[in-house]
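Chemist: Here's a sequence, model it:
(chains A and B)
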Amino acid sequence: MNPRLARWLVNGALFGCAAVAVLPLLWMLSASLMPAGSASSLPPPLLPAQPTLDNYRALFARAGMGRYLLNSLVISGAIAALALVCNLMAGYAFAKLRFAGRERLFRALIGALLIPAQVAMLPLFLLLKYAGLINSYAGAIVPGMATLFGIYLVREFARSVPDELLEAARIDGAGEWRIFVQIMLPLLKPIMVTLTVFTFLAAWNDFMWPLIVLTGQEHYTLPLALASLAREHSEDTELMMAGSVVTVLPVLVLYLALQRHYLQGLLLGSVKG
Amino acid sequence: MSRARTAWLFLTPALLVLGVFFFVPVLGALGLSLTDYDLYALADLRNLRFVGLHNYWELLQRPLFWTALGNTFYFVVVGVPLSIGASLGTALLLNSPLARMKSFHRTVLFAPVVTTVVAVAVIWRYLFNTRYGLVNHALAVLGLNPVDWLGDPHWAMPTIIAFAVWKNFGYNMIILLAGLQAIAPELYEAARIDGASRWRQFRHITLPMLRPTMVLVMVLTVAGYFQLFAEPYVMTEGGPLQSTVSILYLMYDDGFKWWNFGVASAVAFALFGIILAVTVLLLRLTRRGATA
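Modeler: Numbering: from 1, shown residues only, chains lettered A, B, ... in the order given. Next comes the predicted model:
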């Protein structure tokens, strides 16, 4: 094939695919700036004739979007922070601390990855009901405080730390906790960033568990609020698109800022598996 | 001795969380599926009865279960190959030496993966709106008739599949791209010297070398696609004519709409069993293929 033609074909196809990937998101942004009702006209407009922020005002003033945004931040933030602590400690133990049955226990945990999380949801609901945690932040947070994937990720990363470093500290008389905090944690910084981004994004985007456990509007996260708005206000295209922007924008910005870390975690978590 | 104790102390928080909030509930679900736990039992546990395998037996005789099973298999059997095909296609393009602006394209192609399912499903609902949607407008420009994408029982599932492919292909694209980059360039060099065409290089070098990555991607994607829930919940509410009710949708309705926890747990375990069986089958088939 003519090399010039081949170059055109490859780059043309790439641009085409990229356009398909991003156009729905750009349309969302554009429609969110249209005056109410104008997206539903023929031919459907691509750009707002007179851009306006009215939809965003309506969302925050009338639909209580500020509250949902806060709920999402609190729940995702707490999950990311708590899961970081639990997963770091467990991953480190599996990678660097010897104990009887370590490999067997680890393999059993990895095998449990095959169990879909939804299998646990019905009894979990009952458990939290008897504990009085239904419709509370805690109910949404506690099941996410440790993840099999996170433990696996930390273990993979921590294994590359040389044992000699830890042994030297032990000989110097450092306690196990100090070794973890002062020697291990600084070395684990890259995986800490990766893990935090991963867990935060997953918690932010999660739908089914919050839908089950958060029964009152005052605790809704953004996806729940959006799903419920979509059922009540399905005619208000522009308002819904503004709601989608508010929901998607924080995670897109986070992804763009920390892309390298996110993709690293994705590869570490799957290629070596 | 003290080292082992330290290890267990470090493990305690995570194991406690996983045990209490995951492993115990999974066993609990197995137990629940053998009872008639419902609204009455929720009010007063004395109404709870052990029913053995009755819930599973009932499930097999329930048309909606078979509909949900059929819909879910439709989604997996059509959606997974399309999804992996899109991932492989874009990974090959990104890996091509002719491609420009690679990191920009990679960033953009991956963007749908990090977005919130509910939010982007709402976008698609409007894009595929029968009257005002841009998709039907584009069809009209091409001189084609409009399609009632989410309102026609024949089109609702294909539309959801298209959405899932768009949302998810970037994930596997990154994994496959890493797999492609790990193939030694000398292999292609040698093939070129021997005069092998592009297609034969792809067929006899790229695909075999990519095989382990492909198996992994396939197993993960199949397991993920069996867990279809948010898309029909937001886009179609299971309709039209129950054409997009998935297994998890059924579990959610049985459990949290009708409070039949016993039945819903049986549905959940049926899904687990299916995912397990399909995963084992896939691994068997691909292993046999490798030795043949």
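Chemist: Where in chain B is the helix or strand with the lowest mean pLDDT?
Modeler: helix B:39-43 (a mean of 87; mean pLDDT, DSSP states H and E).
Chemist: Show the subsequent helix or strand relative to it.
Modeler: helix B:54-60 (DSSP states H and E).
Chemist: Go ahead and confirm residue A:58 touches residue A:239.
Modeler: Yes - counting by C-beta atoms under 8 Å, residue A:239 is a contact partner of residue A:58 at 6.1 Å. C-beta here means a position set from N, CA and C on the backbone, and glycine is covered the same way.
Chemist: The two: who's more crowded?
Modeler: Neighbour count, other C-beta atoms under 10 Å in any protein chain shown: between residue A:58 and residue A:239, residue A:239 has more, with 21 against 17.
Chemist: Spatially, what comes nearest to that one if we skip its sequence neighbours?
Modeler: residue A:55 (5.0 Å; C-beta to C-beta, 6 or more residues apart in numbering or on different chains).
Chemist: before we move on, back to that, which residues do residue A:58 and residue A:239 both contact?
Modeler: residue A:36 (C-beta atoms under 8 Å, 6 or more residues apart in numbering or on different chains).
Chemist: Quick test: name the residue nearest the centre of the chain.
Modeler: No chain in the question, so chain A it is. residue A:201 (1.5 Å; C-alpha atoms, centre = their mean).
Chemist: sorry, should have said chain B
Modeler: Closest-to-mean residue, chain B, C-alpha atoms, centre = their mean: residue B:225 / 1.6 Å.
Chemist: quick one: pLDDT of that one?
Modeler: Residue B:225 carries a pLDDT value of 97.
Chemist: can you check residue B:191 too?
Modeler: 91.
Chemist: Quick check: chain neighbours aside, which residue is closest to the residue of the stretch 101-250 of chain A found nearest chain B?
Modeler: Of all residues in the stretch 101-250 of chain A, residue A:123 sits closest to chain B, at 3.2 Å by C-beta to the nearest C-beta. Once flanking residues are discounted, residue A:123 sits nearest to residue B:28: 3.2 Å by C-beta to C-beta, 6+ apart.
Chemist: Residues in contact with the helix or strand encompassing that neighbour: which ones?
Modeler: According to DSSP H and E, residue B:28 maps onto helix B:24-32. Residues outside helix B:24-32 that contact it (C-beta under 8 Å, 6+ apart) are A:115, A:119-124, A:126-127, B:261-262, B:265, B:268-269.
Chemist: Neighbours of residue A:124, how many?
Modeler: So residue A:124, with other C-beta under 10 Å, has 26 neighbours.
Chemist: Phi first, then psi, for residue A:62.
Modeler: phi -100, psi -40 (degrees, to the nearest 10).
Chemist: Find the residue ranges of the chain scoring beneath the pLDDT cut-off.
Modeler: I'll assume chain A. Within chain A, the stretches with pLDDT under 70 are A:1, A:270-273.
Chemist: Can you look at chain B instead?
Modeler: Residues of chain B that meet the cut-off, pLDDT under 70, sit at B:1, B:288-292.
Chemist: Could you say whether residue A:38 sits in a helix, a strand or coil?
Modeler: Recorded secondary structure, residue A:38: coil (DSSP: H, G, I helix; E, B strand; the rest coil).
Chemist: That one and residue A:252, how far apart?
Modeler: Counting by C-beta to C-beta, to the nearest Å, the gap from residue A:38 to residue A:252 is 25 Å.
Chemist: Show me which helix runs longest in chain A.
Modeler: helix A:65-96 (DSSP state H).
Chemist: hmm, back to that, return the strand or helix carrying the residue of the stretch 101-250 of chain A closest to chain B as PDB; C-alpha atoms alone will do.
Modeler: Secondary structure from DSSP H and E places residue A:123 in helix A:121-130. Taking C-alpha atoms only, helix A:121-130 is exported to PDB below (Å, rounded to 0.1, in the frame of the first residue of the first chain):
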ATOM      1  CA  MET A 121     -26.000  -7.200  48.700                       C
ATOM      2  CA  LEU A 122     -29.300  -8.700  50.000                       C
ATOM      3  CA  PRO A 123     -27.900 -10.100  53.300                       C
ATOM      4  CA  LEU A 124     -25.700  -7.000  53.600                       C
ATOM      5  CA  PHE A 125     -28.900  -4.900  53.500                       C
ATOM      6  CA  LEU A 126     -30.400  -6.900  56.300                       C
ATOM      7  CA  LEU A 127     -27.200  -6.800  58.300                       C
ATOM      8  CA  LEU A 128     -27.100  -3.000  58.100                       C
ATOM      9  CA  LYS A 129     -30.800  -2.800  58.800                       C
ATOM     10  CA  TYR A 130     -30.400  -4.600  62.100                       C
END
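Chemist: For that helix, which outside residues touch it?
Modeler: By C-beta under 8 Å, 6+ apart, the list of residues contacting helix A:121-130 reads A:134, A:139, A:142-143, A:208-209, A:212-213, B:20-21, B:24-26, B:28-29, B:31-32, B:251, B:255-256, B:261, B:264-265, B:268.
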